[in-house]
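*Asks:* Just need the structure, nothing else, for what follows:
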Amino acid sequence: MKDVYMSKLDERINNRKNKKINKYKKLRNFKILSVIFMINITIGCIFFTDYSMNKMLNRESTINKGIEFIQKNINCIEKVLRNIDLNI
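*Replies:* Presented below is the predicted three-dimensional model:
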C-alpha cells in the first residue's frame with residue numbers, strides 16, 4: 001500500500017518539475033525572440049534614417065561609403081598578398 005502512495009507522490013513531483021521546466025523553456029524562447037525582434041527593428045531604423053537623411057541632403061549614403069571603404073581595404077590587402085607571393 002505504501003508503494004502505491006509513494007509512486008503517486010513521485011508522479012506528482014515529476015509533473016511539477018516538468019511544468020516548471022516547460023515554463024522556463026517558454027520564457028527563454030520568448031526572451032530570445034524578443035531580442036531578435038528588437039535587433040531587427042534597430043537595424044531597420046538605422047537604414048531608414050540613413051536613407052531619408054541622405055535623400056533630404058542629396059548625399060551618398062554613409063552605409064554605401066562604408067561598404068566602398070571596406071572594398072578598397074580588401075583590394076589593398078589582396079595587392080599586398082600578391083606582392084608577397086611574387087617575392088617568395
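*Asks:* average pLDDT across the helix or strand encompassing K72?
*Replies:* Here K72 sits within helix 62-87, counting by DSSP states H and E. Averaging pLDDT along helix 62-87 gives 83.
*Asks:* Kindly report the same for stretch 15-35.
*Replies:* 84.
*Asks:* Buried residues, that stretch. List them.
*Replies:* By neighbour count on 16 or more other C-beta atoms under 10 Å, the buried set for stretch 15-35 is empty. (C-beta placed from N, C-alpha, C; glycine too.)
*Asks:* can you pull the pLDDT of D3?
*Replies:* 59.
*Asks:* Could you check how far the residue nearest in space to the middle of the chain is from C76?
*Replies:* Closest to where the C-alpha atoms of the chain average out (C-alpha atoms, centre = their mean) is I36, at 5.8 Å. Distance, I36 to C76, using C-beta to C-beta, to the nearest Å: 35 Å.
*Asks:* same thing with L27?
*Replies:* From L27 over to C76 the distance is 49 Å, taken as C-beta to C-beta.
*Asks:* try N64
*Replies:* To C76, N64 is 19 Å away according to C-beta to C-beta.
*Asks:* Look at R59 and give its secondary structure.
*Replies:* Following DSSP: H, G, I helix; E, B strand; the rest coil, R59 is assigned to coil.
*Asks:* Tabulate the CA atom coordinates of stretch 20-29 in CSV.
*Replies:* Written as CSV, here are the backbone C-alpha positions of stretch 20-29 (Å, rounded to 0.1, in the frame of the first residue of the first chain):
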residue,chain,number,x,y,z
LYS,A,20,8.4,24.4,-14.2
ILE,A,21,10.9,23.2,-16.8
ASN,A,22,8.4,23.9,-19.6
LYS,A,23,7.5,27.3,-18.2
TYR,A,24,11.2,28.3,-18.2
LYS,A,25,11.7,27.0,-21.7
LYS,A,26,8.8,29.0,-22.9
LEU,A,27,10.1,32.1,-21.1
ARG,A,28,13.6,31.6,-22.5
ASN,A,29,12.2,31.2,-26.1
